[in-house]
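>>> Dropping a prediction and its sequence here:
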Amino acid sequence: MSKRPSLVTENVWRVLRQFTDARIGQGRAGVSLPTGELLKFQLAHARARDAVHFPLDVDRLVRDLEGSAAALPTQSPLLLKSRAEDRLTYLQRPDLGRILSPDSEALLADNRGSNGDPFDAAIVIADGLSAIAIQNNAVPMINRLLSDLADRKKAWRLAPLSIVEQGRVAIGDQIGESLGARMVIIMIGERPGLSSPDSLGIYLTWGPEQGLSDARRNCISNVRPAGLSVEHASERLLYLMDEAARLGTSGVALKDRTGELVIGRAGDTGNFLTKS
Amino acid sequence: MADRYRFTLGTRTWQFGCLAELLAKATPARSGDRLAGVIAGSAEERVVAQMRLAELPLREFLSEALIPYEEDEITRLILDTHDKKAFAPISHLTVGDFRNWLLSDHATPESLERLRSGLTPEMVAAVSKLMRNQDLILVAKKCHVITVFRNTIGLPGHLSTRLQPNHPTDDVSGIAASVLDGLLYGNGDAVIGINPATDNVSQAVRLIGLLDDVISKYEIPTQSCVLTHVTNTLEAIEQGAPVDLVFQSIGGTEATNSSFGFNLATLQEAREAALSLKRGTVGNNVMYFETGQGSSLSANAHHGLDQQTCEARAYAVARQFDPLLVNTVVGFIGPEYLFDGKEITRAGLEDHFCGKLLGVPMGCDICYTNHAEADQNDMDNLLTLLGVAGCNFIMGIPGSDDIMLNYQTTSFHDALYARRVLGLEPAPEFGEWLARTRIFEDVSRAEPGRELPELFRGPLKALTQGKGHE
């Protein structure tokens, strides 16, 4: 008996995946996606959807933080909420995710640093668009940052840690302002990509106050085990914190020069398609 | 004046404060208009607004600017370039009767082409608000907008694709791998267009060079584009880079475009610079624009207009510069502007219809993000509908997964699906290349070859040695 013809036409150029994570060389059934590739895609999308919709387990996060080795600010984290009451509201009303609920505003007012002696920095954790990013990566990130800060000659005076549910990036500015901090650092779940449901973003604002635009913030993106490591992220964040304090500003006026080595090889366009 | 936009239904009289409010409230529901606070207060109010809008004479859009003439260069562009002679055949119609006219046999491809310069974006947006999805499809199919550079895009019975080989670090081998994958699946006739991860002039020059090398070496009848800011492309041209198309994201208000860092004069300068290179072989449409509902609101530059009317005004900007390609990036902006598959589908059909009616070579980035209530099935539906409507081009990426921009758009496979079920072909010059190089066994049946074509055996040989192929 001769072998039955294959139902799927494989692509020999799939070997080019050594150069990219793009879904190249998937092969075809007729001209459509083979079943195996279809299901791989569906799994990735399902994970990204779950990342958006799973709520942040705040109790677990607090336990993880308190059980970790790092020298946290002595006080327990402040547990805050935005004005977006649920996920559906959060997704359709980004404006509400940028403002604290009235109860949370009151809680912060009670924890404000004194006017004469403001905090050097306030650190905020927010679920953003991926609670999984926070659940998996926030504690290692904070531990690394705090241990790097502890090695510094000059001690940083940190505000109590805040954890926000249904928060957007800009809510960090309101929190930093309410706590009377010179700068605010918000760690937030980024919009999940198909292959990166767990990506953590870090934003820094000098002189935080409500209503600042993105142009006033610096961003470090894609912090996760398969992306930017917490070691590198902490190194870049410390650079930004030092520079922000030195220049008295952040955002477009503060260029992150630690990332410039990433591109390199200027002018080189050689590749397998054009070399041969 | 206050009574101008009044409508009485039974015993109740409804009042709409101004033309912008009437248009916004007549718009099919979507989250961006809710976010902006311009949406109808109830389903009934929406239909009443549509009834009032249906009675409005089209002429009124020529005397009533939605954004004042003095404040906005796009309003000035729209009114200053309006062609009264072209408008004459429909100048007596109301918005409601304009819908009837468009659906009637008076509206032929020829009469619609003559009408273009007599239409304003506001007239087109207004009539679209009264139309069902099938109306948007039927009329758009009658509008043929054909453009040329190294091939011919937009011919009836054809569907082209932009090959989008993005890579998170702009790695040239990674980009080349996606380019080859796309070409072997018959994609890339609209343009091979990269969104650079690092957006500066030197990176743009490098990537423009890469694409020029590939297109020249394999004699591909297509064009390249690096989707960087228009001022970066201008600098790249000054540095001698082989630029085919100039890209820019555009919006429908002057303030939106200011927030993007350009104005109409910038686009004019860039177009002239690209034309001076004379790189087109079949023709010289040298501009590529992207748009999308919600961009004006996102830039806080919407002047109280609904997002679909803002979007239609962007097409007035586009057509001024004779583009090769324009596409709405319909689901990229997120659920706060278009919440779910239903809203994305509606917006995609509206944008395609409005663009085509105004004479813009309209394509669509049929896409969604992971925080929108949408999935691959929604994309399949919109792709099929736009294929029926005669959409000029769609995106093509490996496996629908853009690993740089982190969103999902149509795949190389999707384009072949649409070509098969709807009997569509790629641009004729590109189709001939696919046949000549034996990349495809049968272009008219969207049938790729089973063997790796001779053309690409050399480049792959070193990489596949010892793997039992070729």
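Received the coordinates, thanks. Numbering: from 1, shown residues only, chains lettered A, B, ... in the order given.
>>> A:His53: neighbour count?
14 (other C-beta atoms under 10 Å in any protein chain shown). The way it works is simple: take the backbone N, C-alpha and C, and place the C-beta from them, glycine included.
>>> From what I see, it and A:Arg87 are in contact.
Yes: under the criterion of C-beta atoms under 8 Å, A:His53 makes contact with A:Arg87 at 6.1 Å.
>>> Now do the contacts for the residue nearest to B:Pro323 when sequence neighbours are not counted.
Of all residues not flanking B:Pro323 in the chain, B:Met287 sits nearest, at 4.0 Å (C-beta to C-beta, 6 or more residues apart in numbering or on different chains). By C-beta atoms under 8 Å, 6 or more residues apart in numbering or on different chains, the residues touching B:Met287 are B:245-248, B:267, B:270-271, B:274, B:318, B:321-324.
>>> got those as TSV, with distance to B:Asn166 columns?
As requested, the contacts of B:Met287 are exported to TSV (distance: C-beta to C-beta, whole Å):
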residue	distance to B:Asn166
B:Leu245	17
B:Val246	19
B:Phe247	14
B:Gln248	18
B:Leu267	24
B:Ala270	22
B:Arg271	25
B:Ala274	22
B:Ala318	23
B:Phe321	25
B:Asp322	27
B:Pro323	21
B:Leu324	20
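>>> Now, of those, which are buried?
B:245-248, B:267, B:270-271, B:274, B:318, B:321-324 (16 or more other C-beta atoms under 10 Å in any protein chain shown).
>>> Out of those residues, which is nearest to A:Val223?
B:Phe247 (30.5 Å; C-beta to C-beta).
>>> Under a three-state scheme, what state does that closest one occupy?
Counting by DSSP: H, G, I helix; E, B strand; the rest coil, the backbone at B:Phe247 sits in strand.
>>> distance of it from B:Leu53?
B:Phe247 sits 35 Å away from B:Leu53, going by C-beta to C-beta, to the nearest Å.
>>> Same check on B:Ser42?
Per C-beta to C-beta, B:Ser42 is found 16 Å from B:Leu53.
>>> Quick check on these two: which one has the bigger neighbour count.
B:Leu53 (24 against 10).
>>> For burial, what's the neighbour tally of the residue nearest to B:His229 when sequence neighbours are not counted?
In space, and not counting its chain neighbours, B:His229 is closest to B:Gly261: 6.5 Å by C-beta to C-beta, 6+ apart. The number of residues packed near B:Gly261 is 11, by other C-beta under 10 Å.
>>> what about the strands in the stretch 301-450 of chain B?
Along the stretch 301-450 of chain B, counting by DSSP state E, counting those that start in this stretch, strands occupy B:325-329, B:362-365, B:393-396, B:401-402, B:407-408, B:440-442, B:447-448.
>>> coming back round to it: can you pull up the bridge partners for the residue nearest to B:Pro323?
B:Val246 (DSSP bridges).
>>> what about stretch A:196-205 and chain B, touching?
Yes: counting by C-beta under 8 Å from any C-beta of the partner chain, chain B has neighbours in stretch A:196-205: A:Ser196, A:Pro197.
>>> Show the end-to-end separation of that stretch, please.
25 Å (C-alpha to C-alpha, to the nearest Å).
>>> Give me the distance between the spatially closest residue to B:Gly252 that is not a sequence neighbour and B:Leu93.
Distances taken as C-beta to C-beta, 6+ apart place B:Arg313 nearest to B:Gly252, at 3.0 Å, with adjacent residues excluded. Distance of B:Arg313 to B:Leu93, computed by C-beta to C-beta: 21 Å.
>>> again, but for B:Leu19
For B:Leu19, the distance to B:Leu93 - C-beta to C-beta - is 17 Å.
>>> In terms of neighbours, single out the busier of these two.
A direct count of neighbours by other C-beta under 10 Å for B:Leu19 and B:Leu93 places B:Leu19 higher, at 21 against 18.
>>> residues contacting that one?
B:Tyr5, B:Glu60, B:Glu64, B:Leu66.
>>> hey, where'd the helices end up in the stretch 151-300 of chain B?
Using DSSP state H, counting those that start in this stretch, the helices of the stretch 151-300 of chain B run over residues B:172-184, B:201-217, B:230-238, B:254-260, B:264-276, B:295-298.
>>> Is it possible to get CSV of the ones you listed that adds distance to chain A and mean pLDDT?
Below are the helices of the stretch 151-300 of chain B laid out as CSV (distance: least, C-beta to the nearest C-beta, whole Å; pLDDT from 0 to 100):
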stretch, distance to chain A, mean pLDDT
helix B:172-184, 4, 97
helix B:201-217, 4, 96
helix B:230-238, 13, 96
helix B:254-260, 10, 94
helix B:264-276, 20, 98
helix B:295-298, 10, 94
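>>> Which of those sits closest to A:Gly172?
Comparing the helices of the stretch 151-300 of chain B against A:Gly172 with C-beta to C-beta, the closest turns out to be helix B:295-298 (20.1 Å).
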